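1. what's the 3D shape of this:
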Amino acid sequence: MKTRVFGFFICMCVMMCGVFTSCKEKPMGVDEIYKNDASGVVLIMNRFYYTINIGGSVLYFTGVGEDGSLTNLTDNLAEITRNSAVAFGTGFFISRDGNILTNRHVVRPEIDKDVIRRALGNQIVKIRSLFAAMRDAAEEQYSEAYYQGLYSDVDNSEQLEELRENMEEYDRNVAMLENIDLSEIRITASSQVGIAYNGDQVSSARDFSACTVTRVSGIDDVDLALIRLNSKKTPKGCYIFHFASGTKGKRTLLETYWQRMRRDYKGRKLKAGTQLCMIGFNHGPQLAQTYRGLKSQITEGSLLQDPDEYRLMYSIPVLHGSSGSPVLNMYGDVVGVNFAKLQGTTSFNFGIPLKRIKEFLGME
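-> Residues are numbered from 1 along each chain as shown. Below is the predicted model of the structure:
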């Protein structure tokens, strides 16, 4: 009896090995990857502005113009909120509780603070010159009013007092501007982030689902950020992306076991020439808008050199708006996050590799 049971067990093992061998995964075509994964990619809209704190005084602006001046410079919060700058990027779901991975520069647009200080310095010089000119004009008006009252019966004492107060105010403003220490000003960014899905009809910011920025990388060359839907729940039907390593990558234990049994590790190894693809919103909503709502694009290329732990370089074409897109192997797993391009060409572009992604997410 024991011999029969043992023989039956061996037969079952052989059969299971055969099943797993026959079920060994194979690379997919880009159409299959897009059909399977595209629902998990989202268009990110970031409405943002910058705040300058100068010794307790607050100014707002949205960027630096071609002439070097600060655009939409104001001290009115309601005004800057209405005139916020807008940037678009791409992100993708990595968990069922609404977590979305993207680039840091998509949700926290970087700005050169030295450039801002120079621009503000130029602005201060212009404002100071304006106050000085207004002070000179007030002084001239004061002289005219003074002599007019001196040689006539006109009582212009109230006018003289008002002009004197104006001149004193202009003098205080000029002195204040001369004493500003630009090295001590603080510049911060404020962002309002939302997402839209494949198939959504969007015409305004109200059509984007609100998100919160929950984590931003503090390492210069790790351009990653994590945002989360305020609902804290990934909508039903949205694909959850997985990573091309043997770790769970937000899979369930059963999913992880099944994937490990049938995983083609050799086919997944990245090297120069490895075929890759990317799903993203190139050029933001401009290219994505269709009569059937937003549609992301899938582009393909190959690794141009053997990767290291700092970056991937590939020939996948990209445009502005594709920042934060998942870079996928032909099994549909994430191998990187698109973050930069070589200026002047669309054929040499860069992604953040898996090791850095996992470190950022605390998976290593």
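2. What are the boundaries of the strands in the stretch 201-350 of the chain?
-> 209-216, 225-229, 275-280, 289-290, 293-294, 297-302, 312-314, 326-329, 334-341, 349-353 (DSSP state E, counting those that start in this stretch).
3. Buried ones in stretch 286-298, by neighbour count?
-> Across stretch 286-298, burial judged by 16 or more other CB atoms under 10 Å covers 288, 294, 296-298. No exception for glycine: its C-beta is placed from N, CA and C like everyone else's.
4. State the pair within those that is farthest apart.
-> Maximum pairwise distance in the buried residues of stretch 286-298, criterion CB to CB, is 14.1 Å, between 294 and 298.
5. okay, the strands of the stretch 201-350 of the chain, which one's buried deepest?
-> Of those, the one with the most neighbours on average (mean count of other CB atoms under 10 Å) is strand 326-329, at a mean of 26.
6. Show me what it is in contact with.
-> Strand 326-329 has contacts (CB atoms under 8 Å, 6 or more residues apart in numbering) with 27, 33, 37, 41, 92, 101, 241, 244, 268, 270, 274-280, 312, 314, 316, 334-338, 351.
7. What average pLDDT does that strand get?
-> Per-residue pLDDT over strand 326-329 has a mean of 96.
8. Look up the pLDDT of the residue nearest to residue 324 when sequence neighbours are not counted for me, please.
-> By the measure of CB to CB, 6 or more residues apart in numbering, the closest residue to residue 324 outside its immediate chain neighbours is residue 102, 3.4 Å from it. Reported pLDDT at residue 102 in the predicted model: 98.
9. Isn't residue 102 up against residue 225?
-> Yes. Residue 102 is within contact range of residue 225, at 5.6 Å (criterion: CB atoms under 8 Å).
10. Report the central residue of the chain.
-> residue 106 (0.9 Å; CA atoms, centre = their mean).
11. Check which helices and strands the helix or strand containing that one is in contact with.
-> Using DSSP states H and E, residue 106 falls within helix 104-107. Helix 104-107 is packed against strand 41-54, strand 85-93, strand 209-216, strand 225-229, with contacts defined by 3 or more CB pairs under 8 Å, 6 or more residues apart in numbering; DSSP states H and E.
12. I'd like to know which of the ones you listed lies nearest to residue 129.
-> Nearest of these (CB to CB): strand 41-54, 18.5 Å.
13. List the pairing partners of that closest one within its sheet, with orientation.
-> According to DSSP bridges, strand 41-54 forms sheet pairs with strand 57-61 (antiparallel), strand 85-93 (antiparallel), strand 186-197 (antiparallel).
14. what about the next helix or strand after the first one, distance to the chain center?
-> Which is strand 57-61. Following strand 57-61 in sequence order, the next helix or strand is strand 63-64 (DSSP H and E). Counting by CA atoms, centre = their mean, to the nearest Å, strand 63-64 is centred 17 Å from the centre of its parent chain.
15. Contacts for strand 63-64 next, please.
-> With CB under 8 Å, 6+ apart as the test, strand 63-64 has contacts from 50, 70-72, 85, 111, 115-116, 119.
16. Give me the buried entries from these.
-> 50, 70, 72, 85, 116, 119.
17. which residues does the nearest residue to residue 106 once chain neighbours are set aside contact?
-> Residue nearest to residue 106 in three dimensions, not counting chain neighbours: residue 89, with 3.2 Å by CB to CB, 6+ apart. By CB under 8 Å, 6+ apart, the residues touching residue 89 are 44, 46, 102-103, 105-107, 281, 284, 321-324.
18. same thing with residue 351?
-> Residue 351 makes contact with 311-312, 314, 327, 335-339, according to CB under 8 Å, 6+ apart.
19. Equivalent analysis for residue 238, please.
-> Contact partners of residue 238, counting by CB under 8 Å, 6+ apart, are 39-40, 93, 197.
20. Go through those and name the one nearest residue 189.
-> residue 93 (24.8 Å).
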